[in-house]
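Trainee: starting from these lines, generate the structure:
(2 chains)
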Amino acid sequence: MVQKYKYNQIKIKNIEFMFGVFTLIVSLMIGMIAADKFQEMHETETLYPSYALTEISHLSDYNPNLKNTNGNTEIYFFNSDSAGGTVLILGGTHPNEPAGFLTACLILENLQIKRGRLIIIPRANNSAFTHNDPQEGQPQYYTIEGIKRERIFRFGSRITNSIDQWPDPEIYLHYPSGQKLAGNETRNLNRAYPGRADGNLTEQMAYGIIELINKKNVDLAFDLHEAAPEYPVVNAIVASERSQLIATEAAMELQFEDLIYSMEPSPYNFHGLSHREWQDYTQAMPILLETANPIQGRLRGKTDVSLLLTGRDPMYLKAAELGELHVPYDSAGISIEVRVGRHLSAIKTIIDVYSNIYPDKAVEIINVPDYEEIVSKGIEEYF
Amino acid sequence: MTPEMVIFLVMLGLFVISAMWWKLPIGVSLILASTAGALTAGEGIPVRHLVEGSFAYLDPILIIATAMIFMEVLRKSGALGSISRLIIIKLHTKPVWLLIFITLFIMFPGMITGLSTATVLTTGALAAPAMILLGIPALTVAAMIAMSAIYGMIAPPINVPAMIIGGGVDMPYIGFELPLLFATMPLAFGVNLSLGYKHIRDVNLQKILPKLGKDHYEKYGFKLFIPLIVVVILMLGVRIIPEYFPNLGVPFIFMIGSLIGLFCGERMNFWQVSHKAIQEVMPVIGILIGIGAFIQIMTLTGVRGMLVIGSLSLPDIWRYLSMGTMIPLFGAISAYGSASVLGVPYLLAFLGQNEIVVGSALSLLTGLGDLMPPTALAGIFAAQVVGEKNYFKVLKITIIPAIVTALWALLMIYFANLLGSFL
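Mentor: As a prediction, the model looks like this:
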């Protein structure tokens, strides 16, 4: 009897051991498959700058602490032969807002410059392109069948990869204001300005951008974003005190093209935002542009590449019927062409208005489509 | 029936079958249900999504595991027992003050960390033996601790759900102090006095003293409390004077406290202590991993959107009811998740009301999510600190306080403009 009991105990232990080994093997396999998928996102997509490109530098040239980190990123300079002003365009502050990134890429790959200088940072938060936000179920990549070549772009996260910056504090204390935000906002580039040379990685990136703006005497600086359609600041131009005038005039001009923008003043008491801190720590006129992007929203349905590119979603249709949205929304959705087109038209109009008001600092870019062109021809035409 | 509803029913059905019928651990059941949901949606076996979703809880898992080790060290060193002795001996003649002190004492870590779990496992575990010895039934003690932990997590200065909700509409975390005090303190004192006062009206110290066990304070003195003091200083320091305190992270702070604890009281085998702590906490870690995967698949397949739209579609008169139920219920998946997924849209739906008061009240509702099974983090750990295996018995006692809390939050939203004028 005792022997049989002991035999059974050994048998149970053996089964438990085998189950443990099996679980370990399965876990390792799952881990390896997932790790491979995550690792792939560190491969940067190739960009093909237009012939107008004059120089490529890196953010580490403006904050050396970024050298050999994932926070380092390329800065593309397009200098014309004629003197004029300097415009900076930032895409990819939030890589989960693809219209911002694609707009920067599209300009970078197509523009010609007649006057002044244009500086483009397509991947402002390079680290955030290397992962996705947990629990958002968003795609890692999306493809655009460009007429020149097929392009595969990464759809990243709103914040720096925790591989590069971890752990988050429970509370993010913004430097230098001391403003408190939820801990993970410490990895949000658009909450990190003016940043610190030796701060955390995101603060280092923010500091590098501020340094670039100051050292290159940037006159007009754009930060391109997208927002959920239920968010109040959407289809908007956010301007600080310094840029209010040109933004208002541009918004009126855009209205003639049936592109309606709300004008949002940069809040005095919300720190870390590009427009707020560029106003306070640089000489540039800051402009932040927002379009409506359903794949970011909390009300969205099935989350896939189709939603990303077409912006069509039955859940948002219901939300629109319920009056929950701050933008017009119908069964046509809000396609990537509409979103990129709005950014392009807004940028071109604001630069034109700026150039008219400050003729000695004028900037003239050509060969960049506007809203009408990109909506009618499709985004593929420009890649 | 919409495809999202079919997927949701498949996920729910398989979860119930595997957890209740096949008796698989809840974490495993959630992973199976998530996989089934993805397969139904035509997403194949979504290895990347299962792992990615789980990673949302990496930090909470580390906090819970290290907090548990810290508590075991304090228990073994004798610090826990000595604190119970001190509370009882000093305050047993003043029951009302005793309960108010205990309430604030338990809430304190939640107020500075914004975490209900850390609260239950630190001051909750410290106060529990004393409260039981004073004569409060163990289950009631657990319920009081769970509710205090939730109020602590919502009370100022640190309220993470309010920050998440505010962050969703670019509202800075400024001016929340008074509304959050109004949202939590009356409830915290009211709930604990109503649950505990009748049991400690007449405390007979002479009867309790023999049960208090060995007085380790006599042997080790102040040294006994050094780990606790170090942990409190490190947690407060990084918040009050961040210029001088590195961001060590809560898990590392608990580990520092645990290692110091090895030399400040009774001797112990650290390997055994940490092994026991991790074993106790492993089912909860499993649940969090499973929940992470579950919510990712819900989002991927559109089920999350269906639920959010469903709750926003209700007529105005039902909106309050849906807020009072859906936000805490979604907390079964994650209180922070609930703040982000439902808290933000509801705040947007109430734009025009005093947003700070509405945001504070919504954060109080999200806090109740920590009482919702299967995660029910506050309930599970509160049951654990009083030695109760079935946490549903604890949750049963918290039903009325939770309903009162939800009503309080809804009244705050209804009268937000009025309250905003004087808060």
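Trainee: assign a three-state SS to B:Ala127, would you?
Mentor: Three-state assignment for B:Ala127 (DSSP: H, G, I helix; E, B strand; the rest coil): helix.
Trainee: how much space between it and chain A?
Mentor: Noted for B:Ala127: a distance of 22 Å to chain A, by C-beta to the nearest C-beta, to the nearest Å. To be clear about C-beta, it is placed using only N, CA and C from the backbone, and glycine gets the same treatment.
Trainee: so B:Leu248 sits in a strand?
Mentor: No: B:Leu248 is assigned coil when assessed by three-state DSSP, not a strand.
Trainee: check which helix or strand covers the residue lying closest to it once chain neighbours are set aside.
Mentor: Of all residues not flanking B:Leu248 in the chain, B:Leu234 sits nearest, at 6.2 Å (C-beta to C-beta, 6 or more residues apart in numbering or on different chains). Per DSSP states H and E, B:Leu234 falls inside helix B:226-240.
Trainee: does stretch A:171-180 come close to chain B?
Mentor: Yes: applying C-beta under 8 Å from any C-beta of the partner chain, one finds stretch A:171-180 touching chain B at A:171, A:173, A:179-180.
Trainee: and the residue in the stretch 1-150 of chain A positioned nearest to chain B, how many residues sit next to it?
Mentor: When scored by C-beta to the nearest C-beta, the stretch 1-150 of chain A has A:Gly137 as its residue closest to chain B, at 3.2 Å. A:Gly137 has 27 neighbouring residues, counting by other C-beta atoms under 10 Å in any protein chain shown.
Trainee: that one contacts B:Phe294, doesn't it?
Mentor: No: taking contacts as C-beta atoms under 8 Å, A:Gly137 lies outside contact range of B:Phe294: 11.3 Å.
Trainee: ok so, going back, among the residues of stretch A:171-180 next to chain B, who's most crowded?
Mentor: Greatest neighbour count in the residues of stretch A:171-180 next to chain B, by other C-beta under 10 Å, goes to A:Ile171: 24 neighbours.
Trainee: need the pLDDT of that one.
Mentor: Here, the pLDDT recorded for A:Ile171 equals 77.
Trainee: any stretches of chain A with poor pLDDT?
Mentor: Within chain A, the stretches with pLDDT under 70 are A:1-2.
Trainee: can you pull out the helices in it?
Mentor: Using DSSP state H, the helices of chain A run over residues A:2-40, A:98-110, A:201-215, A:244-256, A:274-281, A:305-310, A:314-321, A:336-357, A:371-377.
Trainee: B:Lys90 is nearest to which of those?
Mentor: Comparing those against B:Lys90 with C-beta to C-beta, the closest turns out to be helix A:201-215 (46.3 Å).
Trainee: which residues belonging to that closest one are considered buried?
Mentor: Neighbour-count burial for helix A:201-215, counted by 16 or more other C-beta atoms under 10 Å in any protein chain shown, picks out A:201-213.
Trainee: and that helix, what other elements does it pack with?
Mentor: Helices and strands touching helix A:201-215, by 3 or more C-beta pairs under 8 Å, 6 or more residues apart in numbering or on different chains; DSSP states H and E, are strand A:86-90, helix A:274-281.
Trainee: present the ones you listed as CSV; the columns should include mean neighbour count and distance to B:Leu368.
Mentor: Below are these laid out as CSV (neighbours: other C-beta atoms under 10 Å in any protein chain shown; distance: least, C-beta to C-beta, whole Å):
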stretch, mean neighbour count, distance to B:Leu368
strand A:86-90, 25, 41
helix A:274-281, 24, 35
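Trainee: got these as a markdown table, with distance to A:Leu309 columns?
Mentor: Formatted as a markdown table, these follow (distance: least, C-beta to C-beta, whole Å):
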| stretch | distance to A:Leu309 |
| --- | --- |
| strand A:86-90 | 22 |
| helix A:274-281 | 26 |
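Trainee: let me have the ones you listed in JSON lines, adding distance to chain B as columns.
Mentor: Output for the helices and strands packed on helix A:201-215, formatted as JSON lines (distance: least, C-beta to the nearest C-beta, whole Å):
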{"stretch": "strand A:86-90", "distance to chain B": "18"}
{"stretch": "helix A:274-281", "distance to chain B": "11"}
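Trainee: about what we covered before: which ones are touching the residue nearest to B:Leu248?
Mentor: The contact partners of B:Leu234, taken as C-beta atoms under 8 Å, 6 or more residues apart in numbering or on different chains, are B:245, B:248, B:253, B:256-257.
Trainee: just the closest of these to A:Arg115, please.
Mentor: Ranked by distance to A:Arg115 (C-beta to C-beta), the contacts of B:Leu234 are led by B:Phe245 at 51.3 Å.
Trainee: what's the helix or strand for B:Gln206?
Mentor: Taking DSSP H and E as the criterion, B:Gln206 maps to helix B:205-208.
Trainee: distance of the nearest residue in space to B:Leu212 that is not next to it in sequence from chain A?
Mentor: With C-beta to C-beta, 6+ apart as the criterion, B:Leu212 has its nearest non-adjacent residue at 5.1 Å, and that residue is B:Arg85. Going from B:Arg85 to chain A by C-beta to the nearest C-beta gives 32 Å.
Trainee: any idea of the mean pLDDT in the helix or strand harbouring B:Arg85?
Mentor: For B:Arg85, the host element (DSSP H and E) is helix B:79-91. Mean pLDDT, computed over helix B:79-91, is 81.
Trainee: pretty sure B:Leu329 contacts B:Met372?
Mentor: Yes: if you go by C-beta under 8 Å, B:Leu329 and B:Met372 touch, sitting 6.0 Å apart.
Trainee: of the two, who's got more company?
Mentor: Higher neighbour count among B:Leu329 and B:Met372: B:Met372, with 22 against 17, using other C-beta under 10 Å.
Trainee: and the more buried one, what are its phi and psi?
Mentor: Backbone geometry at B:Met372, expressed as degrees, to the nearest 10, gives phi -90, psi 120.
Trainee: that one reaches B:Gly331, doesn't it?
Mentor: Yes: shown here, B:Met372 and B:Gly331 form a contact pair, counting by C-beta under 8 Å, at 5.0 Å.
Trainee: how does the chain divide into domains?
Mentor: Chain wasn't specified; assuming chain A. A:1-40, A:47-382 (automatic domain parsing).
Trainee: try chain B instead
Mentor: Split by automatic domain parsing, chain B gives B:1-45, B:46-422.
Trainee: and of the ones you listed, who's closest to A:Val368?
Mentor: The nearest among these, by C-beta to C-beta, is domain B:46-422 at 29.7 Å.
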